[in-house]
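Peer 1: What would the 3D arrangement of this be:
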Amino acid sequence: MATETTTIDPVSRIEGHLRVELEVEDGKVTNAWTSAGLFRGMELILENRTPHDAALICQRICGVCPVSHSNTSTIAAEKALGMHPAEGGRIIRNLVEFGQFMYSNITWFYVLNGLDYCNPIDAVSADPKAALDAAIDAGASTFDAENLRQRLENFANNGQLSIFSGNWFDAQDADGNSAYHLSPEQNLIVTDHYLEAIEMQAKAAEITAIMGGKMPHVTTFIPGGTAFVPTAEKIDDIKFRVDEIAAWVKKTIWPDIKILANAYSEGFSYGQSCGHLGAWGVFETASYDPVDRYEPAGVLVANDDHSDWTLEEVDPRKIVEHTGHAFYKDHDPADPLQGITEPWYPEEGATHDGKYSWCKAPRYDGKPMEVGSLARVLVLYKRMQQLGVTSVDQDPRYRMVELVDELLEALGHSGDLKVLDSVTGRIAARACETVYLAEMFQYEVNNLIEYMAGGGDDWYSKPTNDSGTGEGMWEAPRGGLYHNETVDKDNITKYQIIIPSTWNLGPRDDGGTMGPLESSLIGTEVVDIEKPIKCLRIIHSFDPCTACSVHIFEPKTGREFNTVESPWGVR
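Peer 2: Presented below is the predicted three-dimensional model:
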């Protein structure tokens, strides 16, 4: 069979600007290039600002995960200025972060990723009674199935599909059957939850706004703690929303992942990444040890046959960034503490054997590394094993182990963690994390109530010096986040950032080794180069934080395909 190329450009239902080029031969991807198409230069913008300014400005990197950037920046500033955050400030910052994680995870599961698997238009042919019975059997919330079916029918007959337009609902598998495997009744159930998710993610954002002043781009995070001081009324406003979201997640995302993973079980067999996983840890405890965080820090190094991982402690000195294939001036792989951000503007565009992305290529101990929900879930699972924890009574974080084990057993993969390193596995891991975080969100609200009931009133601590260097290592919903800043008399002289999508979407390093997303696409089946649906599912499984395009090429015939996507939810 001839070799073809296909390009998805941009891949939407993501945040930002991303182009993916694929070379296809005999129906399989043989080469891949991921290209971030926009230079931001935030590090340069933050120079000659104060650390307090940086905690606000750096949030503009992302409108989906601004809280994580502010948190990471304040951690770096606190270390540079010799500050120990106030205990009340720690809890508030955790709660604001929880709100953002719930907002992001709910949005990704349904709005950004869900339409690769659910076809709302097919739900028009559903039997409402059968759909309701199926929802009850799955443990999902009940709904007015006939009313929704009728609404969808009216919507489809109108001919303007709005948020459902432009998707590859007519894509086919190699056997000629539809690439969308849910029954009409299952599509009706998941579509109902999709529409509810739009409301629930807004409620999660409301929680963040109550404590952060607004969302996106909170205003109350400051080095040393928080400018928000809770009252009983504000706690009531927060608690009822947290409880509502937690109950909703268990009746929607949890049964839906079982529906989706069973219908798309072949997704456990493709989309494997580089094998190495890293998490810097998120949700601080009173010990301020990253290993003790509600989602702890750790690096998982795959063994030779990638059948298991070894848990190692995070060492930031093992991180370097390569620029050989990025649009930056060439230099030796650099520790981010000595990192350089000197853009190199291409005169003739990208070349596959040269520079082709505005993402640098970070490496950990010389290896590419995947970050995100999958890494956080497996690091926590392995950490519980390492500590010998066997129940939530010993450590509430063991709840993650229970959720992972329950889901794997329900999907017929009992005890097989390795299947999670796949396109369907990433979705399963994100679902486990979302349920876990919903429960820990409730746990932390109760911690705040107990803290204040005990007379706690410590929200801010002062700096002990005005100069120094600090590193902040934290997590955004999409993965490990790193900020470092050098401060001289309260003025930032140097700032470096490594965002999650740099790890996942980065180009080849100086030695030619592919990044995690690039390598995960190799070998993927492409039935139709104009609708490479499996490739799109892999891309979305990483939750890219950069708007995306894909180009496919078949060298033997010269056939090419480019797809350009609207930012409103197509492709």
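
Peer 1: my guess is residue 148 meets residue 189, correct?
Peer 2: No: applying CB atoms under 8 Å, one finds residue 148 not in contact with residue 189, separated by 9.5 Å. For glycine as for every other residue, the C-beta is placed from the backbone atoms N, C-alpha and C.

Peer 1: Of the two, which one has the most company?
Peer 2: Neighbour count, other CB atoms under 10 Å: between residue 148 and residue 189, residue 189 has more, with 28 against 20.

Peer 1: after the strand or helix carrying the more buried one, next one along is what?
Peer 2: Assigned by DSSP states H and E, residue 189 falls within helix 184-212. Counting by DSSP H and E, the next helix or strand C-terminal to helix 184-212 is strand 221-222.

Peer 1: name the helices or strands packed onto that following strand?
Peer 2: Judged by 3 or more CB pairs under 8 Å, 6 or more residues apart in numbering; DSSP states H and E, the packing partners of strand 221-222 are helix 51-57, helix 66-81.

Peer 1: Can you say which of those is nearest to residue 501?
Peer 2: helix 66-81 (12.4 Å; CB to CB).

Peer 1: by how many degrees do the closest one and helix 184-212 diverge?
Peer 2: Using axes from the mean of the first three to the mean of the last three CA atoms, to 10 degrees, one finds that helix 66-81 and helix 184-212 are set 40 degrees apart in direction.

Peer 1: taking the mean pLDDT, what do you get for helix 66-81?
Peer 2: What helix 66-81 shows for mean pLDDT is 97.

Peer 1: Equivalent analysis for stretch 33-43, please.
Peer 2: Per-residue scores along stretch 33-43 average to 78.

Peer 1: Who are the contact partners of the closest residue to residue 130 other than its chain neighbours?
Peer 2: Excluding its sequence neighbours, the residue lying closest to residue 130 (CB to CB, 6 or more residues apart in numbering) is residue 185, at 5.0 Å. Counting by CB atoms under 8 Å, 6 or more residues apart in numbering, residue 185 touches 123, 126-127, 130-131, 134.

Peer 1: number of nearby residues for residue 286?
Peer 2: Neighbours of residue 286 (other CB under 10 Å): 10.

Peer 1: looking at this, it is in a strand?
Peer 2: No: assessed with DSSP: H, G, I helix; E, B strand; the rest coil, residue 286 is coil; it does not lie in a strand.

Peer 1: Touching, it and residue 87? I think so.
Peer 2: Yes: the criterion here is CB under 8 Å, and residue 286 meets it with residue 87 at 6.7 Å.

Peer 1: hang on, the earlier thing: if you compare the helices and strands packed on strand 221-222, which one is most tucked away?
Peer 2: Most buried of the helices and strands packed on strand 221-222, by mean neighbour count (mean count of other CB atoms under 10 Å): helix 66-81, with a mean of 26.

Peer 1: center of this structure - which residue?
Peer 2: For the chain, the residue sitting closest to the mean C-alpha position, by CA atoms, centre = their mean, is residue 478 at 2.4 Å.

Peer 1: if I pick that one, what's in contact with it?
Peer 2: So residue 478 contacts 65, 104, 371-372, 499-501, 504, 542-545 (CB under 8 Å, 6+ apart).

Peer 1: wait, residue 452 sits on residue 230?
Peer 2: Yes: using CB under 8 Å, residue 452 makes contact with residue 230 at a distance of 7.0 Å.

Peer 1: The stretch 201-350 of the chain: helices as residue ranges?
Peer 2: All helices of the stretch 201-350 of the chain, identified by DSSP state H, counting those that start in this stretch, fall at 232-251, 253-263.

Peer 1: How is the chain divided into domains?
Peer 2: Using automatic domain parsing, the domain parsing of the chain gives 1-36+525-571, 39-62+272-421+467-513, 84-269+422-461.

Peer 1: Which stretch among the ones you listed is buried most, on average?
Peer 2: Highest mean neighbour count of these: domain 1-36+525-571, a mean of 22 (counted as mean count of other CB under 10 Å).
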